[in-house]
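[1] Model the structure of this input:
(2 chains)
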Amino acid sequence: MTILEGLYYSKDHEWVKLEGDKAYIGITDQAQLELGDVVFLELPEPGDEFSAGDSIGVVESVKAASDIYTPVSGRVVEVNAELTSNPERVNEDPYGSWMVVMEIADHAELDDLMSPEDYKAYCGQEE
Amino acid sequence: MFPYVPATDSDKRYMLDKLGLDDIEDLFKDIPDNIRLKTGLKLDQPKAELEVMSSLKELADQNLDASKAAVFLGAGAYDHYIPSVVKHLVSRSEFYTAYTPYQPEISQGTLQAIFEYQSMICALTGMDVSNASLYDGASALAEAALMAADATGRNKVLVSATVNPESLRVLKTYLNTKGIELMIIPMHDGVTDTEVLKDKAGSDTAAILIQSPNFLGYIEDLSEAEKAAHEHKALFVISVDPISLGILRTPAEWNADIAVGEGQSLGSPMSFGGPGLGFMACKSALVRRMPGRIIGQTRDINGKRGFVSTLQTREQHIRRDKATSNICSNQALNALAACIYLSTVGREGIKEIALQCWHKAHYAASAMTRTGRFSLAFDQPFFMEFPITSDLDPDVIQSSLLKNGIIGGLSLEKYYPELKNTILYCVTEKRTRLEIDTLCSVLEGLK
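    Below is the predicted model of the structure:
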């Protein structure tokens, strides 16, 4: 299981990569391993606004369909359309497969997320 | 006959000892004394099995059903002919269960039957995908509304006042609990008022729901409704009579997003009101929003054709409260009956049945209105049902018809107060010319 440096992690196994006010959001390697082969993604529309903890979409694997929760509040500025036509990319490269880009409203929310070390410990606990 | 004994006295004693109780009465002590029955049940003395059977038969004989009377009543449940092969195959023990397969993949025969049923519903409606069926036409309509609200993220549904009033009640119940607003579009001249519909449709509309042929039997012109729905990116939902699709334009040809309907006509008897069969088919883009089960075709590891319950991740047993619907069953036996019915009558058969219904209904309507005492409530095209107005009390008409071995139509005033002294008649392919002519002469003979 891979955990990348420089990202923020949520308890629901999403990662956030910050570039200025833009947050790239995807699901972690741990999440894709637990889900198994991803077959379908349902993502929001650009312009949709969400609060931290809202469900912004659904990732469906051969085993389950799970909600994707945004760890930060904001407005969706971009959606990864390439991913909806090739959902298997989530399994092949989870950290390269960002799902949405959010323009974030409140940087302080990032403080509630986990560092790579904390996330590693968190995944260890869950097992 | 010896009374039915679920447990002997020693069985009871054993169970009470295990429970640490002295008496069965102790089990009921939480029930307030003032609502407890103190005297035992008032049951007759035991009877011999032969006596029981003959007294049940005597009771059953008091029922007037479609095998003893000429039925001109439709309004949601229809007296179509059911080929005898349907009953013979449906009652085979390999198939005879009312339940959806819960360990599906070991029931390949049942899955194949459902897969074939789905394929035939798609052929009939012209839609891309069908589910494994829903409880009845009413719940199918309600599920379509929920599906549309989910797909569009909107909270308002427009429904025509000409849909089956009982389906409308079910729809209200379903939407009420989900906090979805339901707006009823009034009827004008027996069909949906499209001017009001166009006016009310907007960017907050999740779906437009219309039935055709509508509850009064009239064939709706759906072109304006389709435009109104899609102009506002709402879903267009049509409820159809499957038999009518033998001759009428399909939901796909009307560009519907979801087609639903009551499938009792396809091989299930009326049975005094149920069970029915809800069918639902939609465009492939909506397949992941579909409620209930879907059976798919696949290949096993040896490359052989097989069937699976597919897209199960949407369903309640996996997705819990986030499931597309809380239905996790299907109407298995009735769907099987529909599958056998449709494969028995075939493409030409369904067209022939629809044509016969149309011709006989139109013959009946013109015969009934010949003298001018009875007239069609509205001047609209109809399929096999039509409302007839006169200055006679419907109760008087119905009782005279019954005396002549005819079950008359449905008095519409209860559902549409403006339609006084109006009866909805239905003429299926089973009605003979003699029955229709008898109906007319009884009507003409009324004072």
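[2] Is residue B:298 part of a helix or strand, or is it coil?
    Per DSSP: H, G, I helix; E, B strand; the rest coil, the local secondary structure of residue B:298 is strand.
[3] Any stretches of chain A with poor pLDDT?
    Within chain A, the segments meeting pLDDT under 70 span A:127.
[4] Of all residues in it, which one is closest to chain B?
    residue A:65 (3.9 Å; CB to the nearest CB). C-beta: built from backbone N, CA, C; applies to glycine.
[5] Leaving out chain neighbours, which residue sits closest to that residue?
    In this structure, residue A:65 finds its nearest non-sequential neighbour in residue B:313, 3.9 Å apart by CB to CB, 6 or more residues apart in numbering or on different chains.
[6] Tell me how many other residues crowd the one you found.
    Per other CB atoms under 10 Å in any protein chain shown, the neighbour tally for residue B:313 reads 21.
[7] my guess is it meets residue A:58, correct?
    No - using CB atoms under 8 Å, residue B:313 is not in contact with residue A:58; the gap is 9.2 Å.
[8] quick one: contacts for the residue nearest to residue A:65?
    Going by CB atoms under 8 Å, 6 or more residues apart in numbering or on different chains, residue B:313 touches A:60-65, B:319.
[9] how about 6 Å then?
    A:60, A:64-65 (CB atoms under 6 Å, 6 or more residues apart in numbering or on different chains).
[10] Adding secondary structure and neighbour count, write the residues you listed out as CSV.
    Formatted as CSV, the contacts of residue B:313 follow (DSSP: H, G, I helix; E, B strand; the rest coil; neighbours: other CB atoms under 10 Å in any protein chain shown):
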residue, secondary structure, neighbour count
A:60, strand, 21
A:64, coil, 14
A:65, strand, 23
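[11] Can you tell me which of those is closest to residue A:85?
    Of all the contacts of residue B:313, residue A:85 sits closest to residue A:60, with 14.3 Å by CB to CB.
[12] Residues that sit against both of residue B:313 and residue A:58, list them.
    Residues touching both residue B:313 and residue A:58 (CB under 6 Å, 6+ apart) are residue A:65.
[13] ok, and what's touching stretch A:29-37?
    Stretch A:29-37 has contacts (CB under 6 Å, 6+ apart) with A:1-2, A:13, A:61-63, A:90-91, A:94, A:123.
[14] quick one, phi/psi of residue A:53?
    Per-residue torsions, residue A:53: phi 100, psi -10 (degrees, to the nearest 10).
[15] Give me the number of neighbouring residues for the nearest residue to it once chain neighbours are set aside.
    Spatial nearest neighbour of residue A:53, chain neighbours left out: residue A:69 (5.9 Å); criterion: CB to CB, 6+ apart. By the criterion of other CB under 10 Å, residue A:69 has 19 neighbours.
[16] Okay, and the beta partners of residue A:69?
    Beta bridges link residue A:69 to residue A:55 when assigned by DSSP bridges.
[17] Work out for me the element residue A:18 sits within.
    According to DSSP states H and E, residue A:18 maps onto strand A:14-19.
[18] Give me the pLDDT for the residue in the stretch 1-150 of chain B that chain A sits nearest to.
    Nearest residue of the stretch 1-150 of chain B to chain A (CB to the nearest CB) works out as residue B:150 at 10.9 Å. Listed pLDDT for residue B:150 reads 92.
[19] Ok, the one 3 residues further on next?
    Here, the pLDDT recorded for residue B:153 equals 90.
[20] So which other helices or strands are in contact with the longest helix seen in chain A?
    Using DSSP state H, we find that the single longest helix of chain A is helix A:116-126. Here helix A:116-126 touches no other helix or strand, going by 3 or more CB pairs under 6 Å, 6 or more residues apart in numbering or on different chains; DSSP states H and E.
[21] which residues sit against it?
    Residues outside helix A:116-126 that contact it (CB under 6 Å, 6+ apart): A:3, A:5, A:9, A:30.
[22] right, and the pair among the residues you listed with maximum separation?
    Across these, no pair lies farther apart than A:5 and A:30, at 15.5 Å, counting by CB to CB.
[23] In terms of neighbours, single out the busier of those two.
    With neighbours defined as other CB under 10 Å, residue A:5 and residue A:30 compare such that residue A:30 has more, 21 against 7.
[24] in what helix or strand does the more buried one lie?
    Residue A:30 belongs to helix A:29-35 when assigned by DSSP H and E.
[25] And for residue B:168?
    Residue B:168 belongs to helix B:165-178 when assigned by DSSP H and E.
[26] ok, back up a step: hmm, who's touching the strand holding residue A:18?
    With contacts defined as CB under 6 Å, 6+ apart, strand A:14-19 is touched by A:7-9, A:23-28, A:71.
[27] list the contacts for the residue positioned nearest the centre of chain A?
    The centroid of chain A falls nearest to residue A:26 when counting by CA atoms, centre = their mean (2.6 Å). For residue A:26, the contacting residues are A:15, A:97-99, by CB under 6 Å, 6+ apart.
[28] looking at these, which has the most residues close by?
    Neighbour counts for the contacts of residue A:26, by other CB under 10 Å, peak at residue A:15, which reaches 28 neighbours.
[29] Next one: the nearest residue to that one once chain neighbours are set aside from residue A:30, what distance?
    Spatial nearest neighbour of residue A:15, excluding adjacent residues (CB to CB, 6+ apart): residue A:7 at 4.6 Å. According to CB to CB, to the nearest Å, residue A:7 stands 13 Å off from residue A:30.
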